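> build me a structure from this.
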Amino acid sequence: MYRLLIIDDEEAICRSLQFAFEDKYKTLVANNFSTVEKYTSMYYFDVILLDLKFGEINGLEVLKYIKNKIPECQIIIMTAYSSIDSSIKAMKLGAWDYVLKPLSLDNLKIIIDKALEHKDLSCRLQDMQDELSTIKSDKIIGKSKSMKDVFNLINKVKNIDVNVLITGESGTGKELVAREIHYNGKRKKGRFEAVNCGAIPKNLIESEMFGYEKGAFTGAIKTKKGKFVLADGGTLFLDEIGEMDFDIQVKLLRVIQDKIVYPIGSEEGIKVDVRIIAATNKNLLEEIDKGNFREDLYYRLNVINVKMPSLRERIEDIPLLVEHFIKKYNSTLNKNIKAVSPEALQLLKTYNYKGNIRELENILERAVILTENEMIDIYDLPYQIINNDNVKISDDKLIVSVYETFDTIEEKVIRKALEKIGNKRKTAKILGISERTLWNKIKKYGI
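From the prediction side, this is the model:
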């Protein structure tokens, strides 16, 4: 429910307006500036009706004070016909609109509705702009059978208001799936709010999700909207739901069932329309058996399950992902990397990614930063990649690492040269050493 503040030094007008709007909005009135200071410090207001003739105080000064205190608030000026010039000045200072006295309630209701609609659209536009860079740079990529199954499921559920549980190892792109469902579905005009249940301390997760009133606890210096209220009409993404405290699970279940949120310190519930998409890298059925997760909450969340495959299960997607990340970091780092060498790609395809796509992205970001060429080669990759026994490279190349000793590298070179050339005299000549020296090295390294 929106909050409305009526500021007028005439108590009769305040009472009449409060009576007219209290069923639709949380309505408070202020007849003096000290009350204005009190209420704007205690609460967040969506709309304020301000009389420009406010006792001995200049209404424009009150307007400046409010806009400094609550810049997003929509202020509607109430004024007499003779003060229209002042009303125009007020609009230049940030007022939304003005209405003439005597007031027409029907007209005032229309103006308030339009002000709130504009405020909501502005907030959503800002949210969409904030998300735009993420949507452009991060997207789900894949042509493997397992990813085609994921795309097919996303397409089926994006316009259906059911809760979704996304499961899979860390780094597989679970949040990207949640965003894909939201921004391609019927809720895309609403907000997408995300909560990492594993990153927020236990004592803060409740206030983050449900919000709180000013003074509800030490440090609550102003009212704060929770993620459920912010996501009203949109989607709430609960990442790492398996880490959520058991007590908070009870409250979450109640919100899912009743669709009403109770901010901390408030006895008034707020009705919300939110789609929940949860994600976890844990086996929640095992967590239920251990007594760490509520079974009734699990079945509320797991209406549709999207299983994200690990990168090890979709090797054929690695070339596409490599190409995508090179383009991404070419743009952000102002580089001009054209590709990776066949040997480097082979290394990337045979590596066992414990961190999945997130680890692959970090590897390529590092390679783009470090390489001085237009192609990423094996030597631009980190040690754990090139020191992979499963990798086969062309027989005229050798993998060495800066972490290896000179003796180790020398032994590798001599062994590789002898294997490739097959003749000690020619090998010594190519290596630029005498045959005697080569014989000594062979003996030293036990070749």
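> quick one: Ile200 and Glu208 touch, right?
Yes. In this structure, Ile200 sits in contact with Glu208. The criterion is C-beta atoms under 8 Å, and the distance is 5.6 Å. (Each C-beta comes from the backbone N, C-alpha and C, glycine too.)
> where does pLDDT dip in the chain?
Scanning the chain for pLDDT under 70 picks out 81-84, 124-138, 388-403.
> can I get the CA coordinates of stretch 8-20 in PDB?
Presented in PDB, the C-alpha positions along stretch 8-20 are these (Å, rounded to 0.1, in the frame of the first residue of the first chain):
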ATOM      1  CA  ASP A   8      -1.800  21.800   5.200                       C
ATOM      2  CA  ASP A   9      -2.200  24.100   8.200                       C
ATOM      3  CA  GLU A  10      -6.000  23.900   8.000                       C
ATOM      4  CA  GLU A  11      -7.000  20.900  10.100                       C
ATOM      5  CA  ALA A  12     -10.500  20.700   8.500                       C
ATOM      6  CA  ILE A  13      -9.000  20.200   5.000                       C
ATOM      7  CA  CYS A  14      -6.500  17.600   6.400                       C
ATOM      8  CA  ARG A  15      -9.300  15.600   8.000                       C
ATOM      9  CA  SER A  16     -11.400  15.700   4.900                       C
ATOM     10  CA  LEU A  17      -8.600  14.500   2.600                       C
ATOM     11  CA  GLN A  18      -7.500  11.900   5.100                       C
ATOM     12  CA  PHE A  19     -11.000  10.500   5.200                       C
ATOM     13  CA  ALA A  20     -11.200  10.500   1.400                       C
END
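> distance from that stretch to the middle of the chain?
A distance of 43 Å separates the centroid of the chain from that of stretch 8-20, by C-alpha atoms, centre = their mean, to the nearest Å.
> which outside residues touch that stretch?
Residues from elsewhere that reach stretch 8-20 (C-beta atoms under 8 Å, 6 or more residues apart in numbering): 6, 27-32, 49-51, 53-55, 78, 103, 105.
> closest to Glu213 among those residues?
The shortest approach to Glu213 among those belongs to Leu28, at 13.3 Å (C-beta to C-beta).
> who does that closest one bridge with?
With DSSP bridges applied, Leu28 shows beta-bridge pairing to Leu5.
> which residues of the stretch 101-250 of the chain fall in strands?
Counting by DSSP state E, counting those that start in this stretch, the stretch 101-250 of the chain has strands at residues 164-167, 192-196, 211-212, 224-225, 235-239.
> which other helices and strands contact the third one?
By that I understand strand 211-212. Contacting strand 211-212 under the criterion 3 or more C-beta pairs under 8 Å, 6 or more residues apart in numbering; DSSP states H and E are the following elements: strand 224-225.
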